[in-house]
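Colleague: Got a sequence here, can you build the structure:
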Amino acid sequence: MAGSPSTGRYEKIYAVIRKIPRGKVGTYGQVALLAGIPGAARQVGYALHALPGDGDVPWHRVINAQGKISPRTGSDHDVEQRILLESEGIIFDQRGRIPLDTFQWDPLRRSSRRTPG
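Modeller: Now for the predicted structure:
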């Protein structure tokens, strides 16, 4: 699909996802908003589905607005995604949800760095 209108959008989406730090998650809607396409959460899903398997995009850090992994039909990516997230220290509750108040990425929050003197 090189050169299609969605290619540029997908690259914007991938650029946002690459910024999600280890141990944090972003929602589909949050990624869409930060990529400049508010309300296009489904487009984020399409972009992730089109993602080549050998890329550097941490796809596993994108979840739905309820704090859940969105399973794909005919795939075990949801199991792989949970394993990857847990390996980064993300915890799921008994209903399989990630507490977003604890683990959702806040791109406006910067680590507190002190400058000398």
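
Colleague: Now do the phi/psi pair for residue 25.
Modeller: Per-residue torsions, residue 25: phi -130, psi 160 (degrees, to the nearest 10).

Colleague: residues in contact with it?
Modeller: 61, 62, 63, 85, 90, 98, 100, 103, 104, 105 (C-beta atoms under 8 Å, 6 or more residues apart in numbering). No exception for glycine: its C-beta is placed from N, CA and C like everyone else's.

Colleague: Same check on residue 51?
Modeller: 14, 57, 59.

Colleague: for the nearest residue to the first one once chain neighbours are set aside, helix, strand, or coil?
Modeller: Counting by C-beta to C-beta, 6 or more residues apart in numbering, residue 14 lies nearest to residue 57, which is 4.8 Å off, once chain neighbours are set aside. On the three-state scheme (DSSP: H, G, I helix; E, B strand; the rest coil), residue 57 is labelled coil.

Colleague: could you check the distance from residue 57 over to residue 85?
Modeller: 15 Å (C-beta to C-beta, to the nearest Å).

Colleague: Of those two, give the one with the bigger neighbour count.
Modeller: Per other C-beta atoms under 10 Å, whichever of residue 57 and residue 85 has more neighbours is residue 85, with 22 against 19.

Colleague: secondary structure element for that one?
Modeller: Assessed by DSSP states H and E, residue 85 sits inside helix 77-87.

Colleague: I am finished for the moment; much appreciated.
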